[in-house]
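[1] Sequence first, predicted coordinates after that:
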Amino acid sequence: MKINKLIIKPVLNQDKKTALKFEIFQQLINELNKKDIPIEMAGSINQDIEEINKFAGSDKETLGLLKKKQESILKKLDKELRLVTVNYNRNLWLVLGMSAFGLLIGVALGLSLGNIGLLGIGLPIGMGIGVALGTHLYKKAKAEGKQLEVELK
């Protein structure tokens, strides 16, 4: 089952953020059409797209709806089909590495050396660990064909 295209409203082209979000959303749809998406998932995505196409709000309201629907679709794709966009895992693990690993390493260093001011040293170490893990997961997803060749901005 094919996924419907977005209908770009001419009035919305005045706002560059909204126009860019429309373009990225359409790239996502094009990538999804290249994949074998189950009928139920494609139907759900088509409902979201129809809601966007029928929406008659301002640029700001449309941008909010686009962000909400795109996030919803990406969560469903990740949860049910394990499909992710470019750099999704890297960006996710960068933050997780800093907060989970980096803070623990910093606290351990600070307490063991008796200088809690060393807490900040753990953050870049955790960031490096997170980026390494995220890059590994990115390469794994790409090798398995679970990568959508669209980068969200």
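    Received, thanks.
[2] Kindly provide the distance from the closest residue to Ile39 other than its chain neighbours to Ser99.
    Distance criterion CB to CB, 6 or more residues apart in numbering; nearest residue to Ile39, sequence neighbours excluded, is Met1 at 5.0 Å. Placement of C-beta: from N, CA and C, glycine included. For Met1, the distance to Ser99 equals 39 Å [CB to CB, to the nearest Å].
[3] Can you verify my assumption that the residue nearest to Ile39 contacts Asp36?
    No: in this structure, Met1 is not within contact of Asp36 by CB atoms under 8 Å, at 10.0 Å.
[4] And these two? Which one has more around it.
    Set Met1 next to Asp36 and count neighbours by other CB atoms under 10 Å: Met1 wins out with 13 against 8.
[5] dump the residue contacts of the more buried one.
    If you count contacts by CB atoms under 8 Å, 6 or more residues apart in numbering, Met1 has them with Ile37, Ile39, Ala42, Gly43, Asn46.
[6] Ranking by neighbours, what's the top pick from these?
    Neighbour max across those (other CB under 10 Å) = Ile37, 20 neighbours.
[7] Counting neighbours, what do you get for Arg90?
    Counted with other CB under 10 Å, the neighbours of Arg90 add up to 17.
[8] Spatially, which residue comes closest to it, not counting chain neighbours?
    Arg90's closest residue in space is Gly134 (CB to CB, 6+ apart), at 3.5 Å.
[9] Roughly how far does the residue nearest the centre of the chain sit from Thr18?
    Closest residue to the average C-alpha location of the chain: Tyr88 at 5.1 Å, with CA atoms, centre = their mean. Between Tyr88 and Thr18 the computed distance is 23 Å (CB to CB).
[10] Look through the protein and tell me its longest helix.
    helix 122-143 (DSSP state H).
[11] List the buried residues of it.
    122-123, 125-127, 129-131, 133-134, 137-138, 141 (16 or more other CB atoms under 10 Å).
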